[in-house]
Every structure is written in structure tokens, then in C-alpha cells.
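A.B. asks: any chance you could fold what I've pasted below:
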Amino acid sequence: MRYFCIKFILNMKKYFYFLSLLLLLVSCTEDIKFNNPAFQTLKDNTFWRAQVYEAGIETNDFFVIEGSLGYEQIKLQLSEPSKKTYVLGINDDVKAIYKDTYKGQEAEFSTGTGKGTGEIIVTEYNTVDNTISGTFKFTAVNTDQNAEKQTMHFSEGVFYKIPVTQGPNFVPVNN
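C.D. replies: Next comes the predicted model:
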């Protein structure tokens, strides 16, 4: 009888350890945070994510996608919100602009006719949900030719499901 009691206790220990391990595995979860919508990039190889973003047609009839983080703003200007690749540095209809409006550190970098390089790729323009998504990368030139820093590089840029404001009421961020 003593043998059976010892064997029973040893078997119960095995079951206890197995159940503890199983409970530990089942209780593990991953907290996944989705960035939906999102506007982010690497600004001179430093991660940059907008806190405020929007898109729409400005009063000058250009379509813009904007993201801002505090005093910093990135503005992507397109001639139209079509699903295609827009090449930067060719004209002033399609361009990218970065502004820092912090007092004492004001700066503006831009692409345009004969200045800067890059591309904006619109991968989706959803007219049902009024959102726009795509990617971008560009090198912009400082508008102040006497400034110490003359270029700024943006890579791995993504704008995802940015809400598009319809109609003439669109007011750009930090205008």
C-alpha cells in the first residue's frame, strides 16, 4: 500500500508540473498595437512619426497629404490623388516640403523644379472610406541657401489610411 501511495504522489507531481507549464503557456499573450492610420518616416535616419495627419485639396487645387509632430511638418503635394508613382524634383506641381517652425530653429526644406529628388507612391486611394495610403522617400534642399545644413533625407516613409477631407473646407496643418 505504501508503494502505491508514493507512486500516486509522484504521478501527481508530474501532473502538477505539466498543468503549471500549460497554464503558463496559455496565459502568455502579445499586445499588438496597430498604427491605423499612420504617417511615419526616417528623417536623416531617425524615426519620425506624425501625431496629426490629414489629406485633401488645398485652395490652390493641389492634393496634399500632411503629417505633423509638434513644430515639424511634412507636406506631400500631388497634382491629383491617383494610384501611381510621382517623381520629385521635376516640377513644382509634385513636391515634398519639410518645415520646422520652432522659434529660433525655423527651417524649410523642399523639392521642386530642379531641386531635390525622390518619389511618392500612392498605393491606394479609397473613395468609399475617404482614405489614402502609400509610401515616400525624398531628399529635400534647404530654402535658405546660407544655412549650415543644406539637405535633409527622408526614407522608408509610409502614409497609411490617412483621412481625406472632402470639399473646400480643407485647412492645412500649421499653415
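A.B. asks: now the element after the one helix or strand in the chain whose mean pLDDT sits lowest, going C-ward?
C.D. replies: Within the chain, no helix or strand scores below helix 2-27, which has a mean of 54 by mean pLDDT, DSSP states H and E. Note on helix 2-27: by DSSP states H and E, the next helix or strand toward the C-terminus is strand 38-43.
A.B. asks: burial of the closest residue to T135 other than its chain neighbours, as a residue count?
C.D. replies: In space, and not counting its chain neighbours, T135 is closest to I121: 4.9 Å by Cβ to Cβ, 6 or more residues apart in numbering. Using the backbone N, CA and C atoms, a C-beta is placed for each residue, glycine as well. Using other Cβ atoms under 10 Å, I121 is surrounded by 14 other residues.
A.B. asks: and the one 10 residues further on, by the same measure?
C.D. replies: Number of residues near T131 (other Cβ under 10 Å) recorded here: 18.
A.B. asks: run through the bridge partners of it.
C.D. replies: Beta bridges link T131 to N126, P163 when assigned by DSSP bridges.
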